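> Model the following, please.
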Amino acid sequence: MGLFTRKKIKPVHKPKEHPKPAKPAHKPVKHPVAKTQPKPAPKPVKFARPAAVPKLLAPPKLLDERAWELLKASRVPVVPFMFVKREADLPIALKKVGLPAILKVSGPMIIHKTELGGIKTAMTEDEAKAAFAALMKIKGADRVLVQKKMAGLEIIVGAKSDPQFGHIVSIGLGGIYVELLKDVAFRIAPVGMDDAIAMIRELKGYEILAGARGQPAVNLQALADVLVKVSRFAVSEKVKEMDINPLFATVEGCWAADIRIVK
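Sure, this is the predicted structure:
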């Protein structure tokens, strides 16, 4: 076979190509997947500070010494007392009121003596001196009230000025019975002896005053007399408020042991 002899060449078969998928006319829109994120914490709300509210001052009460002078002048029986400014005068006061004695702090701005530890009992003169020194260290103290220590049924007697009715007088059992009974009787001042006795009989604790369960009865006539005098005093002195707490009531009579007067 010569060089120029043609050789049959087998055709190479190409693999059939599959037709490509037709492109869509419009590309599908891919929607973004919402990602769940924690909600941000709310910002704290800032409130504006309110304007400073002025403190309500307690009604101006009479100085203790003046209040005791007025009450004594009204002929309301009072526990023997004396005000002392200097320790040197303390023996004179103890001689006047006797021992045992009660010493109470006193000052223009002092109202609640018990809360300040401003009431002390002295059985001897030395105890009285120690109590006097301690009381005078209380802020606002300018003197000490020295009183005879007394016992008896504690009564609360008060008076108050009312814009509609004028002065109103009240009476109730004090001490442990204040919270227990919450028992008070009222009358418009001035009251007479009959009204005063009626007020006493209206009290739920009247049987206690009359001597229940063998207890000694208090002097009801003397107690009614105090009500009459307090009612007249409140009207004549034009007091806004006053209270005697306690008023010790016994078989022998009644004596005011603490007094507050507001004019």
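
> starting at the chain centroid, how far to stretch 190-206?
On the basis of Cα atoms, centre = their mean, to the nearest Å, stretch 190-206 is displaced by 29 Å from the centre of the chain it belongs to.

> buried sites along that stretch?
Within stretch 190-206, the residues that qualify as buried by neighbour count (16 or more other Cβ atoms under 10 Å) are Pro190, Val191, Asp195, Ala196, Ile197, Met199, Ile200, Leu203, Gly205. For the C-beta atoms, the positions are set from N, CA and C on the backbone; glycine is no exception.

> so Gln233 sits in a helix?
Actually, residue 233 is Phe rather than Gln. Yes - when the secondary structure is assigned by DSSP: H, G, I helix; E, B strand; the rest coil, Phe233 falls within a helix.

> how many neighbours does it have?
Here the neighbour count serves as a burial measure; for Phe233 (other Cβ atoms under 10 Å) it reads 23.

> Ok, the one 3 residues further on next?
Look at Ser236: counted by other Cβ under 10 Å, it has 11 neighbours.

> how close does it get to Pro190?
In this view, Ser236 and Pro190 are 9 Å apart by Cβ to Cβ, to the nearest Å.

> Tell me the one among the buried residues of stretch 190-206 nearest to Tyr177.
If you rank the buried residues of stretch 190-206 by distance to Tyr177 using Cβ to Cβ, Gly205 comes first, at 5.8 Å.

> can I assume the closest one is in contact with Val184?
No - contact between Gly205 and Val184 fails when scored by Cβ atoms under 8 Å: they sit 10.3 Å apart.

> From Gly158, how far out is Asp258?
Relative to Gly158, Asp258 is positioned 12 Å away (criterion: Cβ to Cβ).

> With Met109 instead?
Distance of Met109 to Gly158, given as Cβ to Cβ: 22 Å.

> Over to Gly140?
Spatial separation of Gly140 from Gly158 under the definition Cβ to Cβ is 25 Å.

> So between these two, which is more surrounded?
More crowded of Gly140 and Gly158, by other Cβ under 10 Å: Gly158, with 19 against 13.

> distance between stretch 212-227 and the chain's centre?
31 Å.

> Show me the contact partners of it.
Residues outside stretch 212-227 that contact it (Cβ atoms under 8 Å, 6 or more residues apart in numbering): 76-77, 152-153, 155, 157, 169, 171, 191, 193, 196-197, 199-200, 208-211, 244, 247, 249-254, 256.

> For Pro11, report the pLDDT, please.
The confidence metric pLDDT takes the value 53 at Pro11.

> where does this protein have low pLDDT?
In the prediction, the chain carries residues with pLDDT under 70 at positions 1-59.

> And it, what are its domain boundaries?
Here the domain parsing of the chain from automatic domain parsing is 80-148, 153-262.

> Just the terminal-to-terminal distance for the longest one.
Using Cα to Cα, to the nearest Å, the span of domain 153-262 from its first residue to its last is 25 Å.
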